[in-house]
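Chemist: below are the sequence and a predicted model for it; my questions follow.
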Amino acid sequence: MSIESDVFQRCQPDLERCRAQGFRKINDVWQYETSFLDGAFRAVLTIDAAGQVAGKVIDTMTEEEYLPLRLTNPAGSYVYGVRHAYEELLRGIAEACFVRLPFAVPQANRICQRIQEVWGDVPEFPWKQKAYATSGVFRHPETRKWYAAILPVSWDKVVAGREGSIELLNLKVMDAAAKVLAHAGCYPAYHMTKKYWVSVSLDETMTDAAIWDMLRESHAFAAKGGKTRAPKDGKGLQDSLAEAVLSVVANIPKGKVATYGQIARWIGRPRNARLVGKILSQAERYGAYPCHRVVNHAGRLAPGFAQQKEKLLAEGVNLNDDMHVDLKRHQWEGASE
């Protein structure tokens with residue numbers, strides 16, 4: 001990812017503010033030039049018709065592009081200082097001339113905007129951990145049930161072997177399997193029970209109108225307080241909490257484990273480690289999840305989970321004894337690893 005892409009990710013230009021900043025329209029692009037570091041360098045920025053920002057840094061002594069700052073790990077304090085100054089300049093322009101968007105892709109932001117216009121709902125970002133911080137959910141204001149979730153994922157999580165990344169829209173619908181068959185761009189639900197949920201790729205494969213039809217259906221479910229089957233113990237754990245827990249569990253890689261307490265912290269419920277364990281004991285009603293990769297704070301395996309040890313050993317996880325995982329070697333710290 002380029003420096004510009006990183007700074008202007010999830011940003012949309014406000015052209016009036018750009019003009020006030022000094023951007024000039026040249027053919028189909030907007031261009032802005034400014035000097036920095038006491039005139040030693042000149043930044044040249046362009047915004048194309050799609051709102052994408054590109055930039056060059058010119059060494060004013062040679063009038064050539066200063067390429068060392070494009071190195072991923074620039075060597076030397078001078079190059080680092082130029083890069084840092086350029087990044088600060090870009091961040092200032094982003095603050096002054098751009099509007100922050102909740103999601104990365106245009107279709108996701110259009111859907112988000114229409115939800116706000118029709119129902120007045122804004123996305124919540126309930127996960128504290130960095131790996132899930134940009135995953136947004138929409139709840140019905142009265143029942144507090146989810147009716148939509150927008151999740152950034154790698155394509156190979158959805159289609160085996162496909163490269164790249166995508167933002168998915170998860171929706172609760174009737175006849176989920178039939179909808180997957182009927183619509184290109186509609187897939188069995190990612191991280192939610194496939195009996196009731198589908199995942200839609202927000203890459204323009206499906207039209208906004210077709211997505212909106214499903215969204216209204218999902219919203220109607222939420223308005224009724226609809227949920228999947230009640231747990232066998234009848235206590236009715238909230239589906240939204242279960243889905244938050246299981247969305248983390250699904251991302252624990254092979255060869256790693258997480259603790260109940262870690263998961264509780266990552267979903268913003270640090271005092272509810274026991275509740276995490278209870279949800280995992282009922283996880284089969286939501287789908288297939290790698291619950292064997294979750295242990296207690298000391299690395300202890302779950303009592304009564306006969307296959308847990310066998311599954312972990314098969315994935316290369318070392319145990320200190322018959323009941324305890326070697327956490328120093330195998331504890332997962334999240335997607336930042």
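Modeler: Received, thanks.
Chemist: can you list the weak-confidence ranges in this protein?
Modeler: Scanning the chain for pLDDT under 70 picks out 181, 226-240, 335-337.
Chemist: show me the contact partners of the helix or strand hosting Val198.
Modeler: Val198 is part of strand 197-201, with elements assigned from DSSP states H and E. Residues outside strand 197-201 that contact it (Cβ atoms under 8 Å, 6 or more residues apart in numbering) are 151, 158, 166-173, 176, 179-180, 183, 185-190, 192, 206, 211, 214. C-beta here means a position set from N, CA and C on the backbone, and glycine is covered the same way.
Chemist: buried subset of those as a ChimeraX selection?
Modeler: Per 16 or more other Cβ atoms under 10 Å, the buried members of these correspond to this ChimeraX selection:
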select :151,166,167,168,169,170,171,172,173,176,179,180,183,185,186,187,189,190,192,206,211,214
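Chemist: just the ones of the contacts of strand 197-201 in helices?
Modeler: In this view, the contacts of strand 197-201 that belong to helices under DSSP state H are Ala176, Lys179, Val180, Ile211, Met214.
Chemist: among the contacts of strand 197-201, which are located in strands?
Modeler: Applying DSSP state E to the contacts of strand 197-201, the entries found in strands are Leu151, Ile166, Glu167, Leu168, Leu169, Asn170, Leu171, Lys172, Cys186, Tyr187, Pro188.
Chemist: helices or strands next to the longest helix belonging to the chain in the packing?
Modeler: Counting residues, the longest helix found in the chain (DSSP H) is helix 77-97. If contacts are counted by 3 or more Cβ pairs under 8 Å, 6 or more residues apart in numbering; DSSP states H and E, helix 77-97 sits against helix 3-7, helix 15-21, strand 29-36, strand 41-47, strand 53-59.
Chemist: Ile279: which of those is closest?
Modeler: helix 3-7 (35.5 Å; Cβ to Cβ).
Chemist: packing partners of the closest one?
Modeler: Helix 3-7 packs on strand 53-59, helix 77-97, going by 3+ Cβ pairs under 8 Å, 6+ apart.
Chemist: any idea which helix or strand comes after that helix?
Modeler: strand 11-13.
Chemist: which residues touch that next one?
Modeler: With Cβ under 8 Å, 6+ apart as the criterion, strand 11-13 contacts Trp30, Ile47, Gly51, Val53, Ala94, Cys97, Phe98, Val99, Arg100, Leu101, Asn109.
Chemist: do that again at 7 Å, thanks
Modeler: In this structure, residues lying in contact with strand 11-13 by Cβ atoms under 7 Å, 6 or more residues apart in numbering are Ile47, Gly51, Ala94, Cys97, Phe98, Val99, Arg100, Leu101.
Chemist: before we move on, what about stretch 33-44?
Modeler: Outside stretch 33-44, the residues touching it (Cβ under 7 Å, 6+ apart) are Gly55, Lys56, Val57, Ile58, Asp59, Thr60, Tyr66, Val82, Ala85, Tyr86, Leu89.
Chemist: buried ones in that stretch?
Modeler: Those buried within stretch 33-44 under the rule 16+ other Cβ under 10 Å are Phe41, Arg42, Ala43.
Chemist: kindly report the domain assignment for the protein.
Modeler: The record assigns the chain these domain ranges, following automatic domain parsing: 3-100, 106-223, 239-330.
Chemist: so which of the helices and strands packed on helix 77-97 gets nearest Arg285?
Modeler: Comparing the helices and strands packed on helix 77-97 by Cβ to Cβ, helix 3-7 comes nearest, at 40.5 Å.
Chemist: which of the three states applies to Val137?
Modeler: Secondary structure assignment for Val137 (DSSP: H, G, I helix; E, B strand; the rest coil): strand.
Chemist: skipping adjacent residues, who's closest to it in space?
Modeler: Ala149 (4.6 Å; Cβ to Cβ, 6 or more residues apart in numbering).
Chemist: before we move on, what about Gln116?
Modeler: Val122 (6.0 Å).
Chemist: in this structure the one you found contacts Ile115, no?
Modeler: No. Val122 is not in contact with Ile115 according to Cβ atoms under 7 Å; the separation is 8.1 Å.
Chemist: measure Ser201 to Asn170 for me?
Modeler: Look at Ser201 and Asn170: by Cβ to Cβ, to the nearest Å, they are 11 Å apart.
Chemist: can you check Asn318 too?
Modeler: For Asn318, the distance to Asn170 - Cβ to Cβ - is 35 Å.
Chemist: same thing with Phe23?
Modeler: Distance from Phe23 to Asn170, by Cβ to Cβ: 38 Å.
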